[in-house]
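In: attaching a predicted model along with its sequence, questions to come.
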Amino acid sequence: MIQKIDITDPEHAKAVLDVQILSYNIEADIIGYQDIPPLKDTVEALQQCGEIFFGYYCGEKLCGVISFKLEKNILDIHRLIVHPQYFRKGIAGDLLSFIEIYMENIDAICVSTASKNVPAVQFYIKSGFSRLEEIRVNEQLSLTSFKKKLQ
């Protein structure tokens, strides 16, 4: 079940952070770089980030999260995370499909991921996103940005 998360609630923010840390630790291992910003987040940072959050629940357990900001008619995904126990079960795809349907009057969706995160890069391409550019953050980290036009 997918439902909106009140990220200002400390309990909800802690649940999101727990999934985020587990998920981004896997990404850090994949890309060979442990200093990624999502691993430094705190409950307070999540509560104040200004993003809209939706969670994918398996019963009572939070298994996946998508968060985004809206600017004009562009939806900018900031997090799409899945608890590692639930990898490859379609949760990320379900969350992405949900926001495409749920959010009205959206012209496009943008997202960035670590360029070396091959599973994420493949997921976005498979989901209809086009590669826009690669941005070198530092010697160890590059990000690839993607865009999917909806209208």
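Out: Here it is on my side, so go on.
In: which helix in the protein has the most residues?
Out: Counting residues, the longest helix in the chain under DSSP state H turns out to be helix 10-31.
In: buried sites along the helix or strand following that helix?
Out: Next in sequence after helix 10-31, counting helices and strands by DSSP states H and E, comes helix 43-47. The neighbour-count check on helix 43-47 (16 or more other CB atoms under 10 Å) flags 43, 46, 47 as buried. To be clear about C-beta, it is placed using only N, CA and C from the backbone, and glycine gets the same treatment.
In: what helix or strand is the nearest residue to residue 102 once chain neighbours are set aside on?
Out: In this structure, residue 102 finds its nearest non-sequential neighbour in residue 54, 7.8 Å apart by CB to CB, 6 or more residues apart in numbering. In this assignment (DSSP H and E), residue 54 forms part of strand 52-58.
In: distance from the chain centre to the next helix-or-strand element following that strand, please.
Out: For strand 52-58, the following helix or strand on the C-terminal side (DSSP H and E) is strand 61-71. Its chain's C-alpha centre and that of strand 61-71 lie 6 Å apart, by CA atoms, centre = their mean, to the nearest Å.
In: packing partners of strand 61-71?
Out: helix 10-31, strand 52-58, strand 74-82, helix 91-102 (3 or more CB pairs under 8 Å, 6 or more residues apart in numbering; DSSP states H and E).
In: got those as a markdown table, with mean pLDDT and distance to residue 38 columns?
Out: Output for those, formatted as a markdown table (pLDDT from 0 to 100; distance: least, CB to CB, whole Å):
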| stretch | mean pLDDT | distance to residue 38 |
| --- | --- | --- |
| helix 10-31 | 96 | 4 |
| strand 52-58 | 98 | 14 |
| strand 74-82 | 97 | 7 |
| helix 91-102 | 94 | 15 |
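In: ranking those by burial, who's on top?
Out: Greatest average neighbour count among the helices and strands packed on strand 61-71 goes to strand 74-82 (a mean of 20), per mean count of other CB atoms under 10 Å.
In: next one: that strand to chain centre, how far?
Out: Computed by CA atoms, centre = their mean, the chain-centroid distance of strand 74-82 equals 4 Å.
In: that concludes my questions; thank you for your assistance.
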